[in-house]
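**Student:** kindly generate the corresponding structure for this input.
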Amino acid sequence: MLDRLNYFLAKLKHLRIDRARGTPAPHKPLLLLTVIDLIEQGAIQTNQIYPSPQLVETYLKYWACVGSGLPRPYLPFYHLKTSGFWHLHAQRGQQAVLAAAHTFKAMSQLSTVVAFANLDDELFALLLNPASREVIRQTIIDTYLPEYGADIGRIINESRQVTDVEQSLLHQARERSLPNVDGVSASPIRSAAFRRVVMKLYNYTCAACRVRIITLDGASAVDAAHIIPFAVAHDDNIGNGLALCKLHHWAFDIGMLSLDDRYSLLVSTTFDEKGPAALLLRSLRDKSIMLPSAKPFFPALYAMRWHRAKKFQH
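**Tutor:** Got it, this is the predicted structure:
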């Protein structure tokens, strides 16, 4: 294993990096740090790396402390293929397009053509091992980003804390543990864990209208909403969470929308609206929401019943 580790460390130290501005461009190193982070979180468990919203969000956290200008994560995702250990796989029917491509101009364009990337199997195995993973991560930082080591360390430490809370929330949901009646204290780490787990469970998609919009800089049209407001119950359990777009989050918070016990939408009759029929809140009446893939992560009955009793405007 040591021989293979040294082999890949040598490759990682000699990435083809743009140095036109005097210092190494950070795009490729940051994407590799992002992949390492997602492997450590358990978000990447098999050797398939998708150009996903979570990958973009994680990349942008690193970019915020290191980069300048536009982050453009689609560029390193494509150009890392020159490393020899990063391999692109086309979407069905897009093989010729990928073979002819020289670059991409947006993450959405890349995602249309590229299904996923994978690493050399031996490198991926090394990244699954905590000890060799840390050696690889530190080598990337020392080689390309030494002046940002402390800032990157803080991002890594925060990500680990968020992952610990996220795993705790998932475990509580699987075990069907009752929420803490005394609630929990607000904290940036717990809020980040709640958002991360809810957004992943709903695939960054509004449960009410199924809209999914993610900008180049990682902003989403969808929020991780609390069914019972956090200020009321201090409840960050998954069952008190729901992914909703900005409009439907607002409508839910003020009681214009709610849920029945069958996960169908209730729409208030206490407001007036005009516009295209498909965009009206009333078009959602009695429609089933999109649910996570596993029942333990569905909205909790106690939360939906509280919302109907305390917030919904009949």
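
**Student:** doesn't Pro292 lie inside a strand?
**Tutor:** No. Going by DSSP: H, G, I helix; E, B strand; the rest coil, the assignment for Pro292 is coil, not a strand.

**Student:** quick one, phi/psi of it?
**Tutor:** Main-chain torsions, Pro292, degrees, to the nearest 10: phi -60, psi 170.

**Student:** next one: it, what pLDDT does it get?
**Tutor:** If you check Pro292, the pLDDT there is 97.

**Student:** and for the residue lying closest to it once chain neighbours are set aside, the neighbour number?
**Tutor:** In this structure, Pro292 finds its nearest non-sequential neighbour in Leu201, 4.1 Å apart by C-beta to C-beta, 6 or more residues apart in numbering. For glycine as for every other residue, the C-beta is placed from the backbone atoms N, C-alpha and C. Residues within reach of Leu201, counting by other C-beta atoms under 10 Å, total 23.

**Student:** same check on Arg92?
**Tutor:** For Arg92, the neighbour count with other C-beta under 10 Å is 6.

**Student:** also Lys28?
**Tutor:** 24.

**Student:** and if you look at Val66?
**Tutor:** By other C-beta under 10 Å, neighbour count at Val66 equals 20.

**Student:** so it is in contact with His27, correct?
**Tutor:** No. In this structure Val66 lies outside contact range of His27 using C-beta atoms under 8 Å: 9.8 Å.

**Student:** on that earlier part again, residues contacting the residue nearest to Pro292?
**Tutor:** By C-beta atoms under 8 Å, 6 or more residues apart in numbering, Leu201 lies in contact with 238, 241, 243, 292-293, 297.

**Student:** and the strands in the chain?
**Tutor:** Ranges of strands within the chain are 86-90, 114-119, 222-226, 241-245, 257-259, 265-267, based on DSSP state E.

**Student:** turn those strands into a markdown table, columns for distance to His14 and mean pLDDT.
**Tutor:** Rendered in a markdown table, the data for the strands of the chain read as follows (distance: least, C-beta to C-beta, whole Å; pLDDT from 0 to 100):
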| stretch | distance to His14 | mean pLDDT |
| --- | --- | --- |
| strand 86-90 | 14 | 98 |
| strand 114-119 | 16 | 98 |
| strand 222-226 | 40 | 97 |
| strand 241-245 | 42 | 97 |
| strand 257-259 | 55 | 98 |
| strand 265-267 | 55 | 98 |
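
**Student:** low pLDDT regions in the protein?
**Tutor:** Low-confidence segments of the chain (pLDDT under 70): 20-22, 177-184, 216-217.

**Student:** list the buried residues for stretch 101-121?
**Tutor:** The neighbour-count check on stretch 101-121 (16 or more other C-beta atoms under 10 Å) flags 101, 104, 107, 110-111, 113-120 as buried.

**Student:** which of those lies closest to Leu32?
**Tutor:** Of all the buried residues of stretch 101-121, the one with the least separation from Leu32 (C-beta to C-beta) is Leu119, at 9.5 Å.

**Student:** mind listing the residues bridging to the closest one?
**Tutor:** Taking DSSP bridges as the rule, Leu119 bridges to Trp86.

**Student:** show residues contacting stretch 92-102.
**Tutor:** Here stretch 92-102 has contacts from 78, 88, 90, 112-115, using C-beta under 8 Å, 6+ apart.

**Student:** enumerate every residue touching the nearest residue to Trp306 once chain neighbours are set aside.
**Tutor:** Once flanking residues are discounted, Trp306 sits nearest to Ile228: 5.1 Å by C-beta to C-beta, 6+ apart. Each residue near Ile228 by C-beta under 8 Å, 6+ apart is listed here: 235, 240, 303, 306-307.

**Student:** mind giving me a markdown table with those residues and columns for neighbour count?
**Tutor:** Shown next, in a markdown table, are these (neighbours: other C-beta atoms under 10 Å):
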| residue | neighbour count |
| --- | --- |
| Asp235 | 23 |
| Asn240 | 25 |
| Ala303 | 21 |
| Trp306 | 18 |
| His307 | 24 |
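
**Student:** in helices, which of those residues fall?
**Tutor:** 303, 306-307 (DSSP state H).

**Student:** show me which of those is closest to Leu12.
**Tutor:** Among the ones in helices among the contacts of Ile228, Ala303 lies closest to Leu12 (C-beta to C-beta), at 46.4 Å.

**Student:** was I right to think His27 contacts Tyr78?
**Tutor:** No. Here His27 lies out of contact with Tyr78, judged by C-beta under 8 Å, at a distance of 10.4 Å.

**Student:** for Ser159, see how far away the most centrally placed residue in the chain is.
**Tutor:** Among the residues of the chain, the one closest to the centroid is Gln54, at 2.5 Å (C-alpha atoms, centre = their mean). To Ser159, Gln54 is 11 Å away according to C-beta to C-beta, to the nearest Å.
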